[in-house]
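# A structural model of the following input is requested.
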Amino acid sequence: MLRHVIAPSSGWTKASHAVVRDRRMNSDAKILLLYVQGLPESATGRPLGELAQKLEMKGRAYQQAKKQLIEHGYVHEWRGQGDGGRWVTEQLFTNTPLTRDEARAVRARLSPEAAGPMRAERLSAPPPSAQSPTVGEPTPPSAGGYVPEEEHVDENTPHPPSEAEPDPEPEPDPKPGPEPETGHRPTPAQEPRTERTPPPPRPSPQLTRAERVLLSLRHTRRELLLGVGEARALAVEAAKWLERGLTEPELRHALLAEPPKGGVRSAVGFLRHRLTHKCPVAPAPVAPPEPPPPPVRALITCTSEAEEDHVFRPLGDETECADCRRATAYANWMVDTDTYDFPPDMTWRQRFVAVAKADALRGEPA
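So this is what the prediction gives:
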């Protein structure tokens, strides 16, 4: 290490190597010691705390530095009560560590000069017994700020209080009449029944299960500890999960999965947010089942007057097939209109049956 040192010609303070190299004191204590050592005599009447504020040393730093200076014998303090009843603290500062006895001897030698300003301040205040008495005459104590009772007279009260009305005399009980000859005593008047408040409704099974799941989360993660009231308030949102088909293990896994990186600050807020924003979608309503198809009926023979017998499967109580019923309808239409026009989609068999039926209705031979 290279060193370049120039001794100052003025404005310097001698510092002992024992102070600078002392490892028992921190830098704040050493700086305060050197700062006070280099002050002029006119500044010695100020307390050590005021001098430390000029170094921007306050609070914990000043208390620690002062404690070290007192422990190692650089600062000594004496507290005493003066003639005026005030408590005064005298401080002795030295750049050489002194014992308690050595500091007491130095204080006795410097007290006429160093303690002069403090003693003058202590003597300037008159003793408590020499103060002037309180102005006024003694007065009786007042109870709570109320006026004494003897001053409440009729002359000072514009509206005197009304006298209390006497209590009405109780009416004598009616004498009981003679008992009826039947020997039955009259029934006493029924006493009014007190209305009992109905017991609170029992919670639903989903609420009970949801509350049990919320209270069990603390066994897995200690930071999710809930009170009974908090779990009961959150059970309303948790019950919605159970009503939508989730089981208790699935609800517990959804609340414990993916914990936040910074930890949970509020168990109630974290669980309420997760229960509200991650609630599963309600299942769609189940459509009613379709009615079963009608039973398949057996094949029957068509009763129409056709050349060939044929069978069909009826849908209701009909006895003719669809083709024969259509041919019958066209036959009636041809008899009424006396025409032989057929629609293009009519098959030849339907046309033959329609002509045969129309001829039969006219009475013509087939």
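
# from what I can see Ser304 touches Glu318, true?
No: using CB atoms under 8 Å as the test, Ser304 is too far from Glu318 to be in contact (10.9 Å). Backbone N, C-alpha and C define where each C-beta goes, glycine included.

# Give me the more crowded residue out of those two.
More crowded of Ser304 and Glu318, by other CB atoms under 10 Å: Ser304, with 18 against 14.

# for the more buried one, what are its contacts?
Glu320, Cys321, Cys324, Ala327, Thr328, Val353 (CB atoms under 8 Å, 6 or more residues apart in numbering).

# I'd like these laid out as TSV, including distance to Val286.
TSV is the format used below for these (distance: CB to CB, whole Å):
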residue	distance to Val286
Glu320	43
Cys321	41
Cys324	45
Ala327	48
Thr328	48
Val353	51
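
# among these, which are in strands?
Taking DSSP state E, every one of these sits outside strands.

# Among those residues, show me the least confident.
Least confident by pLDDT among the contacts of Ser304: that is Val353, with 77.

# how near is that one to Cys302?
11 Å (CB to CB, to the nearest Å).

# Which residues are in contact with each of these two?
With CB under 8 Å, 6+ apart, Val353 and Cys302 have common neighbours Cys324.

# related to what we said a few turns ago, nearest to Arg265 among the contacts of Ser304?
Cys321 (82.8 Å; CB to CB).

# which non-adjacent residue is nearest the closest one?
Phe312 (3.9 Å; CB to CB, 6 or more residues apart in numbering).

# quick one, phi psi at that neighbour?
phi -150, psi 170 (degrees, to the nearest 10).

# wait, what's in contact with it?
By CB under 8 Å, 6+ apart, the neighbours of Phe312 are Leu299, Ile300, Cys302, Cys321, Ala322.

# cool, and Ala43?
Counted by CB under 8 Å, 6+ apart, Ala43 has contacts Leu51.

# Could you do the one 5 residues further on as well?
Contact analysis of Leu48 by CB under 8 Å, 6+ apart lists Leu32, Val36, Lys66, Val75, Gln91, Phe93.

# so how far is Glu223 from it?
With CB to CB as the criterion, Leu48 and Glu223 are 48 Å apart.

# which intervals of the stretch 201-350 of the chain have sub-threshold pLDDT?
The model of the stretch 201-350 of the chain has pLDDT under 70 over residues 201, 305-307.

# What ranges does it have for its helices?
Under the criterion DSSP state H, counting those that start in this stretch, the stretch 201-350 of the chain carries helices at the ranges 205-215, 228-243, 248-256, 267-277, 322-337, 348-362.

# and the angle for the last one with helix 322-337?
Interaxial angle, helix 348-362 versus helix 322-337 (axes from the mean of the first three to the mean of the last three CA atoms, to 10 degrees): 50 degrees.

# Which residue, other than its chain neighbours, is closest to Arg325?
In space, Arg325 is closest to Glu318, 7.2 Å off (CB to CB, 6+ apart).

# Oh, that last question was meant for Asp28, not what I typed.
Ala65 (4.1 Å).

# now Glu230
Glu230 sits nearest to Val268 (CB to CB, 6+ apart), 5.2 Å away.

# How many residues are close by the one you found?
15.

# one step back: looking at the helices of the stretch 201-350 of the chain, spot the one closest to Gly80.
helix 267-277 (57.1 Å).

# Val264: neighbouring residues, count only.
If we define neighbours as other CB under 10 Å, then Val264 has 15 of them.

# Renumber starting at 16 from here on
Sounds good: first residue 16 from here, last item Val279.

# filter the contacts of Ser319 to the buried ones?
Glu335, Cys336, Cys339, Ala342, Thr343, Val368 (16 or more other CB atoms under 10 Å).

# got the contact list for the first one?
Glu335 sits next to Cys317, Thr318, Ser319, Thr343 when contact means CB under 8 Å, 6+ apart.

# Using JSON lines, please lay out those residues together with distance to Arg119.
Below are those laid out as JSON lines (distance: CB to CB, whole Å):
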{"residue": "Cys317", "distance to Arg119": "143"}
{"residue": "Thr318", "distance to Arg119": "146"}
{"residue": "Ser319", "distance to Arg119": "147"}
{"residue": "Thr343", "distance to Arg119": "146"}
